[in-house]
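[1] I'd like to go over a predicted model; first the sequence, then the structure.
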Amino acid sequence: MRNYLVLLNNWALLPNATIYRGNKKFDFYADETAVPQIIKEKLVELKEDATVIFKKVGETTKLSSDIKKEGKPISVNEDKIKGGKK
């Protein structure tokens, strides 16, 4: 599994567990052999252990892998972390 930060095509269905990081950027995990065809532009690609595979010049947005490595929650909203209200 790899962690991606991307710009998506218009009217695309989002992969499960996608997090909006602001400024039209979406953060999600996908298998490297089955990357969704909804990607308009790839900004960052990381392994699950936060090893950088690809990073567009000047990109500073943190991804889920980076935040997990620091020991912080991946989202500020508690409902997003738990998977919604139950």
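    Yep, that arrived. Just so it is clear, the model here is predicted, and its values are computed rather than measured.
[2] From here on, just use CA atoms for contacts and neighbour counts.
    Noted.
[3] secondary structure element for the residue most central in space within the chain?
    The centroid of the chain falls nearest to residue 27 when counting by Cα atoms, centre = their mean (1.8 Å). Using DSSP states H and E, residue 27 maps to strand 25-30.
[4] tell me what that strand is packed against?
    Packing contacts for strand 25-30, counted by 3 or more Cα pairs under 8 Å, 6 or more residues apart in numbering; DSSP states H and E, involve strand 2-8, strand 19-22.
[5] could those strands go into JSON lines alongside distance to residue 63?
    Putting these into JSON lines (distance: least, Cα to Cα, whole Å) gives the following:
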{"stretch": "strand 2-8", "distance to residue 63": "7"}
{"stretch": "strand 19-22", "distance to residue 63": "8"}
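[6] now for those strands, which one comes closest to residue 50?
    The closest of the helices and strands packed on strand 25-30 to residue 50 is strand 2-8. By Cα to Cα, the value is 8.3 Å.
[7] quick one: strands adjacent to that closest one?
    strand 25-30 (antiparallel), strand 39-47 (antiparallel) (DSSP bridges).
[8] Tell me which of the ones you listed is the most buried.
    strand 25-30 (a mean of 19; mean count of other Cα atoms under 10 Å).
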